[in-house]
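**Q** no sequence on this one, just coordinates:
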């Protein structure tokens, strides 16, 4: 059966916002009615019209916003003041049920960065797509290498059917957002235990940092909340080689209820499920990057190789950590 989605289609799903550097006309057209979210002279996010409208309602959003044509600034002289003002606004929106995405409130703070990796302010995780600011996560691919008689195989979890976001879809072996100032490494250790019951000591001894993927996601309805919200992201990537289960290799097991099962899939099965659109969009990006690094996806077998590679490592238009 022919795949429903090409590899480039999968990239388009997760990197759906025009790049100002490579497509300046499309970027200008797309952002004509957007506002730049500014800190000093730096753009830290992009705000779509429906969010701008809410900010302009002082009774709803408070008077700690400076709004001029095409530009929004969060007032406050310190990180703490800006954090307090952002928190007050988003809590007001949540109480008023202004945006559906805020129904996923987690009391988990994300760091929004000024230049040179300095914190600009902190904000609730589920509110970040309302302001088009950069979010961060860590993803790990746990795999059994190929042998002369067996193909490379990957442990693939199926997300719980009851999850609010992407229920029942396939995921990376371990993945999670980086909240509360956690480092990428701390995040992957924590998520490995919570999502896959993998011992921290084992992960520390065997997992290896292998780079990152970055993209500018325009959220789908399956992401939870309003479709069309903006979510530029950086996902730090890790690989971990394990042995066969019968040789004593660890077997990922659900722990915190976010995963229903873990399936050991060979490369062809993963490729088939990618083409069928069964993976969560950003997990497809991480797997394509894995395939490139491991020689599964090459310039010889993928006509869109250069575009796929470059767009999986997009230079974002905002300050990063």
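**A** Alright, I've got the coordinates. What you see is a predicted model; the values in this text were computed from it and never measured.
**Q** Going by neighbour count, which residues of the longest helix seen in the chain are buried?
**A** In the chain, taking DSSP state H as the definition, the longest helix is helix 79-96. Going by neighbour count (16 or more other CB atoms under 10 Å), the buried part of helix 79-96 is 79, 82-83, 85-87, 89-90, 92-94. From N, CA and C alone the C-beta is placed, and that goes for glycine too.
**Q** Over to stretch 169-182?
**A** Going by neighbour count (16+ other CB under 10 Å), the buried part of stretch 169-182 is 169-179, 182.
**Q** Next: stretch 302-316.
**A** Using 16+ other CB under 10 Å as the test for burial, stretch 302-316 gives 302, 305, 308-309, 311-312, 314.
**Q** Report the mean per-residue pLDDT for the longest helix of the chain.
**A** The pLDDT scores in helix 79-96 average 98.
**Q** what's it in contact with?
**A** Residues outside helix 79-96 that contact it (CB atoms under 8 Å, 6 or more residues apart in numbering): 54-55, 60-62, 64-65, 74-76, 99, 102-103, 105, 119-124, 127, 130.
**Q** does residue 230 really touch residue 49, like I thought?
**A** No - counting by CB atoms under 8 Å, residue 230 stays clear of residue 49, with 11.7 Å between them.
**Q** more crowded one of these two?
**A** More crowded of residue 230 and residue 49, by other CB atoms under 10 Å: residue 230, with 22 against 10.
**Q** mind checking the end-to-end distance for stretch 223-237?
**A** One end of stretch 223-237 to the other measures 21 Å (CA to CA, to the nearest Å).
**Q** just to revisit the earlier point, now the buried residues of stretch 302-316 in TSV, with distance to residue 286?
**A** Listed next are the buried residues of stretch 302-316 as TSV, based on distance: CB to CB, whole Å:
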residue	distance to residue 286
302	17
305	17
308	13
309	14
311	13
312	9
314	14
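**Q** So for residue 104, what's the nearest residue that isn't a sequence neighbour?
**A** residue 126 (4.2 Å; CB to CB, 6 or more residues apart in numbering).
**Q** Now do the SS call for the one you found.
**A** helix (DSSP: H, G, I helix; E, B strand; the rest coil).
**Q** And the strands in the stretch 1-150 of the chain, which stretches?
**A** In the stretch 1-150 of the chain, the strands defined using DSSP state E, counting those that start in this stretch lie at 35-39, 42-47, 65-68, 71-74, 109-113, 119-124, 135-144.
**Q** which one of those strands lies closest to residue 264?
**A** Taking CB to CB, strand 135-144 is the member of the strands of the stretch 1-150 of the chain nearest to residue 264, at 7.5 Å.
**Q** Tell me the helices and strands packed up against the closest one.
**A** Contact here means 3 or more CB pairs under 8 Å, 6 or more residues apart in numbering; DSSP states H and E; on that basis strand 135-144 packs against strand 109-113, strand 153-159, strand 174-177, helix 184-196, strand 230-241, helix 281-293.
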